[in-house]
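Enquirer: Sequence first, predicted coordinates after that:
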Amino acid sequence: MMMNSEFNKLQSGWESNKKEMNLSNDGLDMMYLKIREKEKENYFFYYGTIAILLTTLIVISLFFYYLAPVKETLSRIGVALMISGLMFRIIIEMISIYKAKQINNIDNILKTTENSFNFHAFRKTIHQIIAPIIIVLYTIGFYIITPEFSLYIKFWNLVLMDVSYIIIAIILFLIIRKGVHKEMQKLTDILDLKKDIME
């Protein structure tokens with residue numbers, strides 16, 4: 001609602017003032033250049049995320065297929081949660097790239113700004129709602145495999161594995177959180193630049 005209200009104000013201002021824009025061509029070019037640079041940095045983040053998730057997906061799939069093919073139904077559900085969670089996250093990142101590329105495919109600054117608002121809200125929803133759900137399901141999947149692993153792994157090795165997962169998860173959370181913060185800041189900067197162009 002807040003985003004929509006802000007965009008409506010911009011739209012109103014744009015319609016009344018678009019004939020009186022006094023920005024120089026050099027100023028506009030500089031703003032567009034900054035926007036493109038920030039968009040490229042975010043593309044790098046999206047492709048990097050896909051590469052990491054895809055590598056993890058391949059490693060886990062090979063591990064459970066060749067090294068530790070689980071037999072119990074509960075364990076198979078756990079593996080399914082882990083693999084499907086990774087696949088779903090990869091698909092989301094691919095959709096994000098598609099949406100991001102569609103933003104500037106229109107020769108209309110008002111429309112591209114509206115698309116930028118929508119994309120910002122989309123990525124915010126992913127980071128605040130969808131990603132945490134996927135992480136929780138992945139973690140549940142990991143731990144419900146533990147009972148079957150306990151049949152083949154010594155107790156203390158199993159404890160070490162489970163504790164290591166928590167430690168690695170915390171480290172990855174901090175790294176990912178930093179990356180997400182940078183991405184959202186760049187998206188905010190892009191919105192601010194487009195708002196400056198419109199005002």
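Expert: Cool, the structure landed.
Enquirer: Point out where this structure drops to low pLDDT.
Expert: For the chain, residues meeting the criterion pLDDT under 70 lie at 1-29, 104-111, 195-199.
Enquirer: For it, which segments are assigned as helices?
Expert: All helices of the chain, identified by DSSP state H, fall at 2-17, 25-62, 73-103, 109-125, 131-143, 146-149, 155-198.
Enquirer: would you turn those helices into a markdown table with mean neighbour count?
Expert: (C-beta placed from N, C-alpha, C; glycine too.) Formatted as a markdown table, those follow (neighbours: other CB atoms under 10 Å):
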| stretch | mean neighbour count |
| --- | --- |
| helix 2-17 | 13 |
| helix 25-62 | 14 |
| helix 73-103 | 17 |
| helix 109-125 | 17 |
| helix 131-143 | 16 |
| helix 146-149 | 16 |
| helix 155-198 | 14 |
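Enquirer: Let me see the contact set for Ile90.
Expert: Listed by CB atoms under 8 Å, 6 or more residues apart in numbering, the contact set of Ile90 reads Ile50, Leu53, Leu54, Leu57.
Enquirer: Distance check, it against Ile50.
Expert: 6 Å (CB to CB, to the nearest Å).
Enquirer: try Gln185
Expert: From Gln185 to Ile50 the distance is 21 Å (CB to CB).
Enquirer: Pro69 now?
Expert: Distance from Pro69 to Ile50, by CB to CB: 27 Å.
Enquirer: ok, now Gln102?
Expert: From Gln102 over to Ile50 (counting by CB to CB), the distance is 18 Å.
Enquirer: cool, and Tyr65?
Expert: Distance from Tyr65 to Ile50, by CB to CB: 22 Å.
Enquirer: Identify the residue nearest Phe88 in space, chain neighbours excluded?
Expert: Among residues not flanking Phe88 along the chain, Ile134 sits closest, at 6.4 Å (CB to CB, 6 or more residues apart in numbering).
Enquirer: what do you get for Ile144?
Expert: Gly78 (4.1 Å).
Enquirer: so what's the one you found up against?
Expert: Per CB under 8 Å, 6+ apart, neighbours of Gly78: Val70, Ile140, Gly141, Phe142, Tyr143, Ile144, Ile145.
Enquirer: Repeat the analysis, applying 6 Å as the threshold.
Expert: Gly141, Ile144, Ile145 (CB atoms under 6 Å, 6 or more residues apart in numbering).
Enquirer: Next, format those as CSV and append distance to Arg177.
Expert: Output for those, formatted as CSV (distance: CB to CB, whole Å):
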residue, distance to Arg177
Gly141, 22
Ile144, 26
Ile145, 26
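Enquirer: which one among those gets closest to Leu160?
Expert: Ile145 (15.2 Å; CB to CB).
Enquirer: And the closest one, how close does it get to Met31?
Expert: From Ile145 across to Met31, the span is 51 Å (CB to CB).
Enquirer: can you check Tyr46 too?
Expert: With CB to CB as the criterion, Tyr46 and Met31 are 23 Å apart.
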